[in-house]
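S.K.: Mind folding the following:
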Amino acid sequence: MSVWKWLGVACALFGAAPCWSVPYAPAPLSARIESYVQASIAEGATPGVIWVYQGDVPVYEGYHGAADRRSDVSFHQDTLFDIGSMTKQFTAAVILRLVEDGVLALDDPLERFFPEAPEDKADITIHQLMTHSSGLSDENGAFDGRDSDPYKPVADFLAPLWASPLNRSPGTGYEYTNAGYSLLAIVIERATGEGYETVLRRLVLEPAGLTQTGYRLMEWSAQNAARGYDDFHADPDRADRGLFYLERWRTEPVSYQLLGNGGIYSTPADMHRWMTALHAGDVLNADSLALIQSPLMALDDPYPPTFTHYSYGWGVGARPSGEPWISHSGSNGVFFVSVQYGPRSDTLILHLTNAARGNVGRMGYEIARMMDDPRYEADPVHGGAVRLVHLFMAEHTPEDIDQLAAYLEARLGDPVPAPWVLNRTGLQSIERQQEAWGLGFLSLNTELHPQNGNLQDSLAYAYEQIGRHDLARRHYQRALTLGERAEDCYWCSNAQAALDRLDQAAASE
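M.R.: Numbering: from 1, shown residues only. Sure thing, here's the model as predicted:
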């Protein structure tokens with residue numbers, strides 16, 4: 001025992017006076033991060049790749065989870081991840097390079113590139129698109145469709161955008177919009193006469209030395225690509241979303257629903273190279289670099305210290321120490337990536353995971369708080385309600401089902417999960433012939449949500465599968481009774497057909 005620790009114990013036990021103040025000796029940051037990561041893994045989270053660098057010195061490099069759960073292949077520095085909205089900083093960098101080259105100007109209006117732009121949008125500037133202050137809103141039809149929709153021509157993408165109303169006058173406030181950055185991708189194509197990714201590679205990726213970043217033009221191997229996992233699904237086969245867009249883009253152009261605003265793939269090593277090259281001046285000149293670090297547009301609802309303003313493809317703020325701080329995250333609900341950087345101390349926090357459910361996305365930002373305050377202890381994150389229920393199954397027996405509510409409340413803050421959580425997990429357990437768990441979850445779900453007829457239908461189905469036809473009839477009938485009061489009894493036809501089936505089977509016996 002150290003002398004300081006011994007003195008601390010003596011003071012506590014004997015009230016020795018005088019007693020010296022015992023100096024606080026926090027654990028090294030790397031050990032605190034590892035403890036946080038392991039506690040989060042115990043709560044069903046998939047931390048993925050976490051890197052913390054100060055200058056060229058790695059403070060922490062961790063790889064936690066599986067890039068491919070089927071073979072238990074781990075992550076590594078060259079694992080490919082979909083980086084989501086981190087794509088926006090690459091689009092912004094291309095725009096700034098074109099400004100440096102005199103190809104376009106930040107105050108250029110849309111009508112320069114889109115003569116067909118309607119009057120209310122013709123004067124929107126490049127600057128306003130880049131700072132999410134254009135007045136465009138994804139909620140008002142400017143971003144019609146889904147990321148996964150088939151490719152459609154530029155005209156089909158632009159038509160609903162031009163027809164959508166603006167949420168506010170351009171330049172008067174912030175509203176995050178993917179449509180605005182897809183519009184910037186089209187500006188790049190029209191200003192250069194080349195495809196977006198071709199320009200991206202020439203002006204940004206190649207100068208930065210990035211070979212494993214992009215959509216379709218990079219060489220990649222399936223062995224190095226992380227499969228995405230959506231743990232919204234209890235069925236592991238449905239949770240496995242495969243290689244996401246990588247395979248699709250072998251034969252299909254990138255949709256304008258994603259181009260320029262999301263969907264780029266990259267690796268931890270390439271993201272580290274990107275941040276190094278960007279801030280070394282290998283991609284942008286000093287004036288452009290200053291712009292992306294400047295608080296250009298105040299957020300309506302600031303989230304200090306990480307986001308108080310938006311610049312060009314980056315959130316801008318300051319740490320409690322006063323150090324300027326830029327950061328951004330990206331997610332498609334399956335993958336999640338965040339990057340944080342302090343230019344004064346040359347500090348980089350990089351986080352990438354292929355299982356984004358729960359509150360896993362907090363991890364990088366909590367690590368920043370650990371750096372700010374040696375005494376700060378972050379609460380572990382979790383991997384979502386379904387993963388927590390699976391953990392409960394691994395740690396308990398079906399006879400412990402009455403402990404589940406307290407277990408979930410301690411981790412989710414609510415003892416009553418959404419109806420779909422136990423419904424899906426219970427039905428999946430029945431399919432796996434884990435009858436005690438399945439009936440336990442489904443029965444508990446009907447108790448927690450007594451007016452939900454669909455849950456009665458699911459419980460009835462479970463009883464039918466194990467041959468308890470008397471109980472199946474009871475719960476199918478209960479499902480129909482509750483359906484009489486429902487606006488949309490989408491389960492009623494199934495419940496009635498099941499009752500008819502059971503009656504026919506009984507009559508033939």
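S.K.: May I have the residues that are in contact with D144?
M.R.: P160, L161, S164 (C-beta atoms under 8 Å, 6 or more residues apart in numbering). All C-beta atoms are positioned from the backbone trio N, CA, C, and that covers glycine.
S.K.: V57: which of these is nearest?
M.R.: Here the nearest of the contacts of D144 to V57, counting by C-beta to C-beta, is L161; it sits at 45.9 Å.
S.K.: Would it be right to say that the closest one lies in a helix?
M.R.: Yes. Note on L161: a helix contains this position according to DSSP: H, G, I helix; E, B strand; the rest coil.
S.K.: What count of nearby residues applies to Q223?
M.R.: 12 (other C-beta atoms under 10 Å).
S.K.: Tell me how far it lies from V421.
M.R.: In this view, Q223 and V421 are 34 Å apart by C-beta to C-beta, to the nearest Å.
S.K.: just S169 next, same as before
M.R.: 43 Å.
S.K.: With A405 instead?
M.R.: 12 Å.
S.K.: ditto for G145
M.R.: 29 Å.
S.K.: picking up where we left off before, between A405 and V421, who's got more neighbours?
M.R.: Set A405 next to V421 and count neighbours by other C-beta under 10 Å: V421 wins out with 21 against 16.
S.K.: For that one, give me its contacts.
M.R.: A385, V386, V389.
S.K.: Next SSE downstream of the helix or strand hosting it?
M.R.: Using DSSP states H and E, V421 sits within helix 419-431. Per DSSP H and E, helix 419-431 leads on to helix 435-448 as the next helix or strand towards the C-terminus.
S.K.: which residues sit against that following helix?
M.R.: Here helix 435-448 has contacts from 389, 393, 398, 401, 404-405, 416-417, 419, 422-423, 425-430, 452, 455-456, 458-459, 462-463, 466, 475, using C-beta under 8 Å, 6+ apart.
S.K.: Ok, stretch 94-102 next?
M.R.: Residues from elsewhere that reach stretch 94-102 (C-beta under 8 Å, 6+ apart): 104-106, 126, 130, 184, 187-188, 191-192, 196, 199-200, 203-204, 283-285, 288, 291-292, 312.
S.K.: Where do the strands of the stretch 1-150 of the chain begin and end?
M.R.: 48-54, 57-64, 66-68, 73-74, 81-82 (DSSP state E, counting those that start in this stretch).
S.K.: just these: most buried one?
M.R.: Highest mean neighbour count among the strands of the stretch 1-150 of the chain (mean count of other C-beta atoms under 10 Å): strand 81-82, with a mean of 28.
S.K.: Which secondary structure elements does that one sit against?
M.R.: Where contact means 3 or more C-beta pairs under 8 Å, 6 or more residues apart in numbering; DSSP states H and E, strand 81-82 is packed against strand 265-266.
S.K.: as a whole number, average confidence for the next helix or strand after the strand it packs on?
M.R.: For strand 265-266, the succeeding helix or strand toward the C-terminus, using DSSP H and E, is helix 268-279. When pLDDT is averaged over helix 268-279, the result is 97.
S.K.: how far out from the middle of the chain is helix 268-279?
M.R.: 21 Å (C-alpha atoms, centre = their mean, to the nearest Å).
S.K.: neighbouring contacts of it?
M.R.: Residues contacting helix 268-279 (C-beta under 8 Å, 6+ apart): 49, 51, 53, 75, 77-79, 81, 83, 86, 93, 207-213, 266, 283-284, 289, 337, 339, 341, 343, 346, 348, 350, 352.
S.K.: Let's see the PyMOL selection covering just the buried ones among those.
M.R.: Buried residues within the contacts of helix 268-279, by 16 or more other C-beta atoms under 10 Å, are selected in PyMOL with:
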select buried, resi 49+51+53+75+78+79+81+83+86+93+207+208+210+211+212+213+266+283+284+289+337+339+341+348+350+352
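S.K.: Can you list the buried residues in whichever strand or helix holds L471?
M.R.: Using DSSP H and E, L471 falls within helix 469-483. Neighbour counts over helix 469-483 (16+ other C-beta under 10 Å) mark L471, A472, R473, H475, Y476, R478, A479, L480, L482, G483 as buried.
S.K.: shouldn't the third one be in contact with L502?
M.R.: Pointing back at R473 there. Yes. Using C-beta atoms under 8 Å, R473 and L502 qualify as a contacting pair, with a distance of 5.9 Å.
S.K.: now the contacts of D144 in TSV, with neighbour count, pLDDT and distance to G65?
M.R.: Converted to TSV, the contacts of D144 look like this (neighbours: other C-beta atoms under 10 Å; pLDDT from 0 to 100; distance: C-beta to C-beta, whole Å):
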residue	neighbour count	pLDDT	distance to G65
P160	15	94	38
L161	24	96	38
S164	21	96	39
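S.K.: can you redo those residues as a markdown table with distance to A122?
M.R.: A markdown table is the format used below for the contacts of D144 (distance: C-beta to C-beta, whole Å):
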| residue | distance to A122 |
| --- | --- |
| P160 | 17 |
| L161 | 13 |
| S164 | 14 |
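S.K.: ok, of those residues, which one's closest to L110?
M.R.: Among those, and counting by C-beta to C-beta, the member closest to L110 is L161, at 10.5 Å.
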